[in-house]
Every structure is written in structure tokens, then in C-alpha cells.
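Student: Provided below for reference: sequence and predicted model.
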Amino acid sequence: MTLECWEAELRQALSSLHNPEFVPSPHLRAVTGCEDSVDDDRVRNAILEALDSLKPGPDTPPSARARRIYDVLSFRYLQALTQEATAERLSITARHLRREQREAVLVLAKRLLERHEQAISRFHETTPSPGVPPIDLPAWRDQVRQELAALRRSAPDSVTDVGEAIRGAIALEKPRLARLGVAVEVADTSEQPIAAIHLSVLRQVLMNAIGQLAGHAAGGSVRIEMGWSGDQVLIALTGRPVLADVVVDTCLINEVLSVQDGALQLVTDGDSLCFRVLLPSADEVTVLVVDDNEDLVHFYRRYTAGSRYRIVHVPFGKDALAAVEAHAPGMIVLDVMLPDVDGWELLGRLHENPVTRAVPIIVCSVIREAELALELGAMLYLPKPVRRGELLAALDQAAAAHAALMPD
């Protein structure tokens, strides 16, 4: 069963938690470890225990994501509140709640699957194959998580061109593909998705999937497609011909994607097996720079290379409004010493104009007037010269503020 189907089945079970006639499906019994039981309450209790394990500690701030996920599940399924009542409790719209509810159920679905995998791992650890040393899976998972956490700390805002990651993975897998006689085809597409994941991490996920498909489809082919599934980036890797009863090892991919807010779906169709890799999208954000210093703009472009930020530049203040209308930037980086207009007056006009009022403005100048910049409507002030980390941090803050103002 795919993760999507499992989530839908769990959502149906959650809606029936308070129904005395609730009859769990065989798959639900298996995942909760109750397949040998005729007591339906054991299945219900297993779901409630997994839900309770998501309850954040008392020191968790109300705005934390973990707190919101638990509150949504608690209000909707433990207290059986309606969507309207839950949305009112959380001070969000009903539409926003439906999105939050889907995410919360998915988190609970993953938690139940993790417990199921841990139970299977414990069984295999106690019954190793002859001559094969047992693998300490919990220790291995901890090591993977530590390495991923270290990578995210060193490169917290990494984004990746999915097409580039696919090309790199194919190049590295080329010897294996040649040995197995497997042809690789990358589907033509005009879409160039950018994913919020480190390049080396995504490449490793793709290499793992390509390698397994090549092994099961020796003499056949692997087709790779990229695009979108809702607001997520989708990479579909399909091997053919593959026997229906093959066993694939998804431990590494699932572990990596769980840390990266992604997911893996396995889909079989006739003689084909498809790895559907879902990743969070790193939406491109246009940054309008109003500054007559061409050298500085060159540095801005270098600083943002490989990120989700795209620089659009105008050297004159008189062109700022037209550039906003043409490019719909997510933010504006404004110098106040411009050759044609007074930058302070331009800042005030941009802040008062209905078209640009909601666009965050970062004043970046040698004039040390941070308080004045904020009073005239700027969201942030950066003194020149600005370092790369300072610029990216300011852009991230402005992007988050702009996203918060956008309608659901």
C-alpha cells in the first residue's frame, strides 16, 4: 500500500474512533501489530497511543509546528469537533484547517509506520540469517539522522535544481547501468522544479532508487520524470520489466525523506515498479534590487547563486514601480542614495502605494539610519557592506513575512 492510500485509510479510521461499530481493516490491524487479535479496541488504542506520542512537551511554544499538528488531531478526532469549530479554536480559516488536517494525519500515518518498521526490525535483529551479522538498525538510523542534521546546520537553506540532481545521479550510476544492460530515459519537460533539499542528499536518494530498479529490471529500462504533485515536487522513477513480488529496501530513502519533509510512494502496475519521490518545493522568489552600484548587484547575484532567490535589477528609482508591476517581486532591496530620486522619498511612496504596500522592503545603504528606514516603512535595514550570510538571512525573513501576507 502506498503512503497516500495508507493516509486515506487512517483518516477514515480516525473519523470512526468513537463509533462502537468500527471494524478495522486488515492492513490497519497489521500496521498496528494487532492482526492476530479479534479485539477492535486494541487497534483503536494503538492509534491513540501513537497520537499521544505526538503530544509536545509543556515547554513547547503555542506557535510551534508540533503543537499545531497535535492540536489539530486532538480537536478533530479526540474531541470530535467539527472542522468549523476546530478552525475557530485555532483562529484559522476552514480552508487552512483542511490543509493542516491533511498534514497532521500524514504525520500520524508516518509515526504508525515507524513503529511498525521498528517492530519488524527488532524481529529481524533477534533472528539473523546464518553467517550474516545482525544490523543495528536503530543505531544506523541515529547515525543517518545525525549526518543529515549536521548537513542542514551547515547549509540550512539549501535548494536543488532537480534536473541537475537527476543528471548527476545517472552519471554516477552509469557503470552499474552498463553492467546490467539497463537503458535510462529522462522524460522531456519544460518544468524545472527546485526542491528544498541539499543536492548531495537528493542525489543519494536518486542513486539508491536507480540502483534498485536497475537490479530488478536487468536488461530493461528505467524512465525518470519530474514535475509537480500539488505543491510538492515529484520525481517518478519507473523500472520495467519488474516481477510483481520483488522486495525493495526503502530504509535509506524513507529515513532521508522523513527528515527532509518528503515522502516515498511505491507503485506497481503490471510489470513496472515506480518510486514516487515527493519533496518540498523551494518556490523561486524574485528580489527587486534598486541600486545604481552595478558591482554590488554582481555580488548580490553571487550571494544568491544556488538559492531560491532571483535578482532583478533596476539602477534608477523612477523605474521601481514599473519593475514591481512587471516582475511581482517577493521583496525589494533598496538603496537610498540613488542618482535620480531621493531614496527616502521613494521608500515612503512604495510603502504608501497599494500595489507595493505588501511587498517587504529591505533598505541596504551606507547611510546608518536604521530607525528612519523602519519608520518610513522598511521591514529591515542592512548596513553596507553586507555579507552573504546577512543578506540571505534578511531575504529569508522578508520571504517568510511576504508568504504570511499571501491568501491561503
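Tutor: Nice, thanks for sending it over.
Student: Flag every buried residue along stretch 42-52.
Tutor: Across stretch 42-52, burial judged by 16 or more other C-beta atoms under 10 Å covers Val43, Arg44, Ala46, Ile47, Ala50, Leu51. Quick note: C-beta positions are derived from backbone N, CA and C, even for glycine.
Student: Now render these as a markdown table, adding secondary structure.
Tutor: Shown next, in a markdown table, are the buried residues of stretch 42-52 (DSSP: H, G, I helix; E, B strand; the rest coil):
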| residue | secondary structure |
| --- | --- |
| Val43 | helix |
| Arg44 | helix |
| Ala46 | helix |
| Ile47 | helix |
| Ala50 | helix |
| Leu51 | helix |
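Student: Show me which pair in those is furthest apart.
Tutor: Val43 and Leu51 (12.9 Å; C-beta to C-beta).
Student: which secondary structure element contains the nearest residue to Ala165 once chain neighbours are set aside?
Tutor: In space, and not counting its chain neighbours, Ala165 is closest to Leu202: 4.5 Å by C-beta to C-beta, 6 or more residues apart in numbering. Secondary structure assignment for Leu202, by DSSP states H and E: helix 199-216.
Student: Which secondary structure elements does that helix sit against?
Tutor: Packed against helix 199-216 by the contact rule (3 or more C-beta pairs under 8 Å, 6 or more residues apart in numbering; DSSP states H and E) you find helix 137-154, helix 162-180, strand 221-229, strand 232-240, helix 251-259, strand 272-280.
Student: Could you pull out the buried residues of the longest one?
Tutor: Think helix 162-180. Per 16+ other C-beta under 10 Å, helix 162-180 contains these buried residues: Val162, Gly163, Ala165, Ile166, Gly168, Ala169, Ile170, Glu173, Leu177, Leu180.
Student: Pick the one among those residues closest to Val363.
Tutor: Nearest to Val363 among the buried residues of helix 162-180, with distances taken as C-beta to C-beta, is Val162, at 34.8 Å.
Student: Enumerate every residue touching the closest one.
Tutor: Gln192, Pro193, Ile194, Ala195, Leu202, Met226, Val233, Ile235, Leu279 (C-beta atoms under 8 Å, 6 or more residues apart in numbering).
Student: Are any of those residues buried, and if so which?
Tutor: Looks like the contacts of Val162 have Pro193, Ile194, Ala195, Leu202, Met226, Val233, Ile235, Leu279 buried, using 16+ other C-beta under 10 Å.
Student: Arg95: which of the residues you listed is nearest?
Tutor: Val233 (22.7 Å).
Student: what does stretch 338-356 rub up against?
Tutor: 290-292, 315-318, 320-321, 324-325, 332, 334-337, 357, 359, 361, 363, 365, 372-373, 376-378.
Student: still on that earlier bit, I'd like the contacts of Val162 as TSV, with distance to Val107 and pLDDT appended.
Tutor: Shown next, in TSV, are the contacts of Val162 (distance: C-beta to C-beta, whole Å; pLDDT from 0 to 100):
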residue	distance to Val107	pLDDT
Gln192	30	73
Pro193	24	80
Ile194	24	82
Ala195	20	86
Leu202	22	92
Met226	25	91
Val233	19	87
Ile235	22	95
Leu279	17	90
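Student: can you redo the residues you listed as a markdown table with distance to His96?
Tutor: What follows is the contacts of Val162, written out as a markdown table (distance: C-beta to C-beta, whole Å):
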| residue | distance to His96 |
| --- | --- |
| Gln192 | 29 |
| Pro193 | 24 |
| Ile194 | 25 |
| Ala195 | 24 |
| Leu202 | 29 |
| Met226 | 29 |
| Val233 | 22 |
| Ile235 | 28 |
| Leu279 | 22 |
